[in-house]
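When you get a sec, could you give me coordinates for this:
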Amino acid sequence: MVTVDGRTGFHTRCSVEEMEGVARAVDDTGDVTAGDPDTVLDHEPDRTRFPAPALPGLRTGAREVLGGCGWRRPTDPT
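Modelled structure (predicted):
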């Protein structure tokens, strides 16, 4: 997930290398669509919960998404 100004782009099955490319593209442009996300949702910028797209692995009850949840540095994804 990449969020900028109330828009969140979702990238499914994103490897470390892909994550680095997405972060670089969004950082260069300031646009969440620059990293070619699987979907983009608009929402209030101060939202306190993740928006919920209709993508595999991100549905309610699908817990595998939580493994990579949180802030990550693209060059040190640990």
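
Name all residues that make contact with the residue lying closest to Phe50 once chain neighbours are set aside.
Beyond its immediate neighbours in the sequence, the residue positioned closest to Phe50 (C-beta to C-beta, 6 or more residues apart in numbering) is Met1, lying 7.0 Å away. Where you see a C-beta, it was placed from the backbone N, CA and C, and this is true even at glycine. Going by C-beta atoms under 8 Å, 6 or more residues apart in numbering, Met1 touches 8-11, 50.

Buried residues in the strand or helix carrying Glu20, which are they?
Remark: Glu20 resides in helix 16-29, with elements defined by DSSP states H and E. Neighbour-count burial for helix 16-29, counted by 16 or more other C-beta atoms under 10 Å, picks out 19, 21-23, 25-26.

Also stretch 32-52?
32, 34-35, 37, 41, 51.

residue ranges for the strands of this structure, please.
Here the chain has its strands, by DSSP state E, at 2-4, 7-10, 39-42.

Parallel or antiparallel, list what pairs with the worst-scoring helix or strand of the chain on mean pLDDT.
When the helices and strands of the chain are scored by mean pLDDT, DSSP states H and E, strand 2-4 comes last with a mean of 89. When pairs are called by DSSP bridges, strand 2-4 turns out to pair with strand 7-10 (antiparallel).

Now do the same contact list for Val26.
By C-beta under 8 Å, 6+ apart, Val26 lies in contact with 2, 4, 9, 32, 34-35.
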